[in-house]
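**Student:** 3D model of this:
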Amino acid sequence: MTMINNFIIKIRKVNGFSQGELAKKMEMSRPTLAAIEKGTRDITLAELKQIAKIFDIPLSVILDEDLKIDEKIDESNARQKSFRKFHDLVLKCVKYGAAEDGKITKTKLAKLVYLCDFASYYKYLSPISGFEYRRLAQGPVAIEFFDLIDNDESLYIETKGRSILVSLIENPNDSDLNEDEEEVVRSVCAKWKTARTKEIVDFTHEQLPWATCKEGEIIPYELINMEDPQNVY
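**Tutor:** Residues are numbered from 1 along each chain as shown. Take a look at the predicted model:
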């Protein structure tokens, strides 16, 4: 089942499900699903059939994943590198973009991460993480962002009124970001550090990438090149 768990993670995220949402549909706890996705708990045939039914795909397609080992290993290695960069990008956005008390709203953080990835593409034709961002109600966001925020031990999450606040438990040390990427993050965060969440949400809604795409659609990085320089971030 070692390759099947990677397929489950991919199909869940492609369809915009959080771990909690898929676990609920499968009538299991989120920790159980997390263990399946990590490969520390085998998935049963009955649970595989549930996955196939939820996502409307043949069971044979899931089972075939176990036969594609070499291809999956290459994809997994590339994915791990991208996730490390995405993880570092999120932590750096908290570090540079949070208020003086070290806290930032979850929604504002998601927007900073998006702006950094797309600003890097605009400047260097290469995003920082390369993750896919979707046009959701509160603005562009990478689906992986939700799982990272919910599960990363480097972050402290608290609720204040209707806002979810994120802060660092400790400052990040090592980083997979290069100097150019670091500079992009610092520049984006410096511009928006004192802005209210609504301001940055409204800004992303006014950009061409948002306006061009439909609800739930993946936003192509290339669209940012059509934007005026002053509106990139």
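**Student:** Domain map for the chain?
**Tutor:** If the domains of the chain are taken from automatic domain parsing, they occupy 4-67, 79-231, with pieces of a single domain joined by a plus sign.
**Student:** taking these together, which one is wrapped up most tightly?
**Tutor:** Across the domains of the chain, the average number of neighbours (mean count of other Cβ atoms under 10 Å) peaks for domain 79-231, which reaches a mean of 17. For glycine as for every other residue, the C-beta is placed from the backbone atoms N, C-alpha and C.
**Student:** For that one, what is the distance to the chain centroid?
**Tutor:** For domain 79-231, the separation from the chain centroid amounts to 9 Å (computed by Cα atoms, centre = their mean, to the nearest Å).
**Student:** Need the pLDDT of Gln138.
**Tutor:** Per-residue pLDDT puts Gln138 at 79.
**Student:** Wait, it touches Thr107, no?
**Tutor:** Yes. Because the distance of 5.4 Å satisfies Cβ atoms under 8 Å, Gln138 is recorded as touching Thr107.
**Student:** need the contact list for Ala190.
**Tutor:** When contacts are counted by Cβ atoms under 8 Å, 6 or more residues apart in numbering, Ala190 is found next to Tyr96.
**Student:** Equivalent analysis for Leu59, please.
**Tutor:** Applying Cβ under 8 Å, 6+ apart, the residues contacting Leu59 are Leu48, Lys49, Ala52.
**Student:** Could you pull out the helices in the chain for me?
**Tutor:** Listed in chain order, the helices of the chain (DSSP state H) span 4-14, 19-25, 30-38, 45-54, 59-64, 69-97, 106-124, 144-151, 179-192, 197-206, 208-212.
**Student:** Residue ranges in the protein under the pLDDT threshold?
**Tutor:** When the per-residue scores of the chain are filtered using pLDDT under 70, the ranges that remain are 1-2, 65-79.
**Student:** Pairing partners for the closest residue to Asp101 other than its chain neighbours in the sheet, please.
**Tutor:** The shortest distance from Asp101 to any residue other than its chain neighbours is 7.9 Å, reached at Ser167 (Cβ to Cβ, 6 or more residues apart in numbering). When bridges are assigned using DSSP bridges, the partners listed for Ser167 are Lys103, Tyr156.
**Student:** pretty sure Ser167 contacts Thr105?
**Tutor:** No. Judged on Cβ under 8 Å, Ser167 makes no contact with Thr105 at a distance of 10.8 Å.
**Student:** And the closest residue to Gly139 other than its chain neighbours, how far from Val232?
**Tutor:** With Cβ to Cβ, 6+ apart as the criterion, Gly139 has its nearest non-adjacent residue at 4.3 Å, and that residue is Thr204. In this structure, Thr204 and Val232 are 11 Å apart, going by Cβ to Cβ, to the nearest Å.
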